[in-house]
Every structure is written in structure tokens, then in C-alpha cells.
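Q: I'll drop the sequence and a predicted model, then ask my questions.
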Amino acid sequence: QVQLVESGGGLVQAGGSLRLSCAASGSIFSINTMGWYRQAPGKQRDLVATITSGGSTNYADSVKGRFAISGDNAKNTVYLQMNSLTPEDTAVYYCKAILRRVADSPTYQYWGQGTQVTVSS
């Protein structure tokens with residue numbers, strides 16, 4: 001089994017900052033990519049940022065320059081530093097990992113349970 005546990009969400013005023021963490025645990029051989037997605041009420045789940053095991057990052061245009069994703073391969077953990085938050089950033093933030101559970105096996109994706117981020121105006 002693989003578990004992704006997110007933490008760090010909460011309520012913050014516009015212009016403030018939050019840092020999300022996501023730790024993957026369980027039967028993991030290697031992680032290819034970890035990332036953050038978000039889903040606002042009534043909307044689809046959208047990409048926020050991803051990072052590969054090699055450190056390559058990708059960001060949604062809406063968060064470039066404000067959010068920073070980083071990872072700790074030794075801890076199977078990914079972080080999302082969110083600065084200059086606006087009410088439009090309010091959503092449930094989900095962590096995703098694409099990983100192999102054993103060597104030379106296909107990759108599978110796993111999702112965390114989500115953490116609420118609310119930005120008040």
C-alpha cells in the first residue's frame with residue numbers, strides 16, 4: 001500500500017503565505033514525479049505544480065512567480081510554498097505521486113486526501 005499525507009492547509013488573509021507538505025509512504029521503489037493539484041467548488045481539478053525526481057519543475061501560469069515547489073527525495077516528500085495568496089487560490093489542494101512499487105514495474109499514480117486552503121479578502 002502507498003499513502004500520501006498532506007498537511008499545512010488553513011485559512012490565511014490575502015497577501016499571506018502558506019506551506020503545504022506531502023509525504024509518501026508505504027511500498028515504494030521509486031518516485032518519478034510528485035505534484036500539487038487544486039479543485040475549487042464546482043470546478044475541475046487543475047495542475048498547480050509538479051517536480052520530477054531530477055528536480056525539473058512545472059507550474060500553472062496562474063501561480064508562476066508566487067508558488068514554489070520543492071522536494072526531498074530521501075523523505076519522499078514534496079512541498080509547496082505559496083506566497084502572495086489571493087481569494088482565487090482558495091481550493092482543496094491535492095498531492096499526487098507517480099511511482100513504482102517494485103523495480104522494472106509500470107508506474108502508477110496515487111493521490112492524497114486533500115487539504116483545504118482558504119484565502120480571505
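A: It's in.

Q: so for the spatially most central residue of the chain, what pLDDT did the model give?
A: Centroid-nearest residue in the chain: residue 36, 2.5 Å away (criterion: Cα atoms, centre = their mean). For residue 36, the pLDDT comes out at 98.

Q: what's it sitting at in phi/psi?
A: Dihedral angles of residue 36 (phi, psi; degrees, to the nearest 10) stand at phi -120, psi 140.

Q: cool, residue 118 as well?
A: phi -120, psi 130.

Q: what sits against it?
A: Going by Cβ atoms under 8 Å, 6 or more residues apart in numbering, residue 118 touches 10, 11, 12, 90. All C-beta atoms are positioned from the backbone trio N, CA, C, and that covers glycine.

Q: which of those residues lies closest to residue 42?
A: Using Cβ to Cβ, residue 90 is the member of the contacts of residue 118 that lies nearest residue 42, at 12.1 Å.

Q: show me the shaky parts of the chain.
A: Applying pLDDT under 70 to the chain flags no residue at all.

Q: residue farthest from the centroid of it?
A: Distance-from-mean max, the chain, by Cα atoms, centre = their mean: residue 104 at 25.7 Å.

Q: where does that residue sit: helix, strand or coil?
A: coil (DSSP: H, G, I helix; E, B strand; the rest coil).

Q: likewise for residue 62?
A: helix.

Q: what about the closest residue in space to it that isn't next to it in sequence, which SS state?
A: With sequence-adjacent residues excluded and distances taken as Cβ to Cβ, 6 or more residues apart in numbering, residue 62 is closest to residue 88, at 7.6 Å. Classification of residue 88 using three-state DSSP returns helix.
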